[in-house]
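A.B. asks: Test case, fold it:
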Amino acid sequence: MSIAYLNGEYLPLEEARISPLDRGFLFGDGIYEVIPYYAGKPVGLVAHIERMIDGLAAVEIQSKTTLEQWSALLNDLISRNGGAEKNLGVYVHVSRGADVKRFHAYPENVEPTVFCFTFDIKDPEPVDRTAVHAYTVTTAQDLRWRRCHIKSTALLGNVMHFQQGYASGNSECLLYNDKNELTEGSSVNAYIVKDGVVITPIQDNQILPGITRRIIIDSLKEEGSIKVEERTVTMDEVYAADEVWISSSSKEIAPVTQIDGKPVGDGTVGEVWEKAFRIYTDAKFTHR
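C.D. replies: Numbering: from 1, shown residues only. Below is the predicted model of the structure:
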């Protein structure tokens, strides 16, 4: 039985309840995180918590919980769910809380709702381009809001884009802006490889500041054998790329072999992905 955390109490997940007047339920008025733990070891725990704290500040949700307190809470929840023996993700959700009425303006004197639960995640993919699971994706113009750098629980735009890819038999949907420039995927960051160089869109309000993205960039730059560029990426470059990758906390670095029904490069997982994934794998537990 999975143990969840809700507003200071540990309880079976199926017993967790919130008010129907909670603003997270009514408005998607909240911030969330998903953090992977492999055999009890987190990936980017501090970076995830710092991003959540930044997101809460950006939407003016008043939380007094410190980074150290968040870390202790999440590690405790993982332990209570047997995380030392298996791979778990932890979902953290902080909404503005429950008011006595439905009203758009931020209410005063309302305590945030804090909800966390764990779920099983798969083992990491092998560092082997002949054995790794490859993804296929479709593409669409990015129709979400202009504050994608905030990890909001209001994910309907992302859900609709993801459903577009899923309904067409693909694993994801890569998005582009009105200038035909790559932004990210519906639930992932995105990268291309051309002539051995890894290129990813610059961090701005159009994309989420992915923690896995940051670990990838930092570890590749530190190791030094693969050049990395953060810059504008056109969709023409995407279609002409030698390799395309997507990344997230659950997917880590995932290779894409087909876009809109057409092969990426020669249609197989590339050598740069394999080398980069090995570098990332060696560094992921040491990144703060």
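
A.B. asks: quick one: the residue nearest in space to the middle of the chain from residue 208, how far?
C.D. replies: Centroid check for the chain by CA atoms, centre = their mean gives residue 248 as the closest residue, at 4.4 Å. Between residue 248 and residue 208 the computed distance is 9 Å (CB to CB, to the nearest Å). Placement of C-beta: from N, CA and C, glycine included.

A.B. asks: Wait, residue 212 touches residue 245, no?
C.D. replies: No: between residue 212 and residue 245 no contact is recorded; they are 10.7 Å apart, counting by CB atoms under 8 Å.

A.B. asks: higher neighbour count, these two?
C.D. replies: Ranked by neighbour count (other CB atoms under 10 Å), residue 212 and residue 245 place residue 245 first, with 28 against 25.

A.B. asks: Read off the pLDDT value for that one.
C.D. replies: On the pLDDT scale, residue 245 is placed at 98.

A.B. asks: just to revisit the earlier point, could you name every residue contacting both of residue 248 and residue 208?
C.D. replies: Contact criterion CB atoms under 8 Å, 6 or more residues apart in numbering; residues shared by residue 248 and residue 208: residue 189.

A.B. asks: Give the closest residue to residue 195 in space, chain neighbours not counted.
C.D. replies: The shortest distance from residue 195 to any residue that is not its chain neighbour, by CB to CB, 6 or more residues apart in numbering, is 7.1 Å, and that residue is residue 242.

A.B. asks: what about the one you found, neighbour count?
C.D. replies: Neighbours around residue 242, by other CB under 10 Å: 16.

A.B. asks: which residues of the stretch 151-288 of the chain fall in helices?
C.D. replies: Under the criterion DSSP state H, counting those that start in this stretch, helices of the stretch 151-288 of the chain are mapped to 156-167, 211-223, 235-239, 271-283.

A.B. asks: Which positions within stretch 231-246 qualify as buried?
C.D. replies: 233, 235, 238, 241, 242, 243, 244, 245, 246 (16 or more other CB atoms under 10 Å).

A.B. asks: you'd agree residue 235 is up against residue 180?
C.D. replies: Yes: using CB under 8 Å, residue 235 is in contact with residue 180, at 5.0 Å.

A.B. asks: so what's residue 194 bridging to?
C.D. replies: When bridges are assigned using DSSP bridges, the partners listed for residue 194 are residue 197.

A.B. asks: Distance check, it against residue 227.
C.D. replies: When CB to CB is the yardstick, residue 194 and residue 227 sit 10 Å from each other.

A.B. asks: Then residue 22?
C.D. replies: 47 Å.

A.B. asks: Looking at those two, which is more packed in?
C.D. replies: Between residue 22 and residue 227, counted using other CB under 10 Å, the more crowded position is residue 22 (20 against 12).

A.B. asks: quick one, what contacts the nearest residue to the more buried one once chain neighbours are set aside?
C.D. replies: Counting by CB to CB, 6+ apart, residue 22 lies nearest to residue 98, which is 4.4 Å off, once chain neighbours are set aside. By CB under 8 Å, 6+ apart, the contact set of residue 98 is 18, 19, 21, 22, 23, 110, 113.
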